[in-house]
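Enquirer: here is a sequence with its predicted model. Questions after.
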Amino acid sequence: MPPLEDHRIRCHLDELLEQCSMSLVELSDRVGISVANLSILKNNRAKAVRFSTLTALCEVLGCAPGDLFSLEGEAHVKG
């Protein structure tokens with residue numbers, strides 16, 4: 001198993017915040033997650049995300065999980 005630092009999941013929180021004209025502090029207040037934890041997520045240093053957190057973020061930002069995260073690198077095609 002590769003080290004956690006080698007994951008290829010990228011968070012697009014910055015772009016979504018900009019689209020919503022929202023600050024990280026405002027998002028923190030609206031979803032009930034600390035600014036420090038949101039910053040870890042935003043800077044791609046998170047090791048895991050709870051579904052309840054993902055749900056709250058998507059509801060507040062008006063997005064789907066696939067808008068918030070993407071997989072970098074090789075394209076994977078389902079067969």
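Expert: Yes, it's here.

Enquirer: touching stretch 8-25 from outside, list them.
Expert: For stretch 8-25, contacts defined as CB atoms under 8 Å, 6 or more residues apart in numbering pick out 27, 35, 38-39, 41-44, 46, 57, 61-63, 67-73. Heads up, the C-betas are built off the backbone N, CA and C, glycines and all.

Enquirer: these, buried ones only, as a ChimeraX selection?
Expert: Selection of buried members from the contacts of stretch 8-25 for ChimeraX, criterion 16 or more other CB atoms under 10 Å:
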select :27,38,41,42,44,46,57,61,63,68,69
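
Enquirer: which of the contacts of stretch 8-25 fall within helices?
Expert: Applying DSSP state H to these, the entries found in helices are 27, 35, 38-39, 41-42, 57, 61, 67-68.

Enquirer: adding distance to E15 and pLDDT, write those out as CSV.
Expert: Output for those, formatted as CSV (distance: CB to CB, whole Å; pLDDT from 0 to 100):
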residue, distance to E15, pLDDT
L27, 13, 98
V35, 18, 97
L38, 14, 97
S39, 15, 97
L41, 13, 96
K42, 10, 96
L57, 13, 98
L61, 10, 97
D67, 9, 97
L68, 9, 97
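
Enquirer: give me the number of residues near R8?
Expert: R8 is flanked by 11 other residues according to other CB atoms under 10 Å.

Enquirer: so in terms of bridging, what pairs with the residue most central in space within the chain?
Expert: The structure's the chain has its C-alpha centroid closest to C11; by CA atoms, centre = their mean the separation is 4.2 Å. Beta-bridge partners of C11, counted by DSSP bridges, are F69.

Enquirer: how much space between it and C63?
Expert: 12 Å (CB to CB, to the nearest Å).
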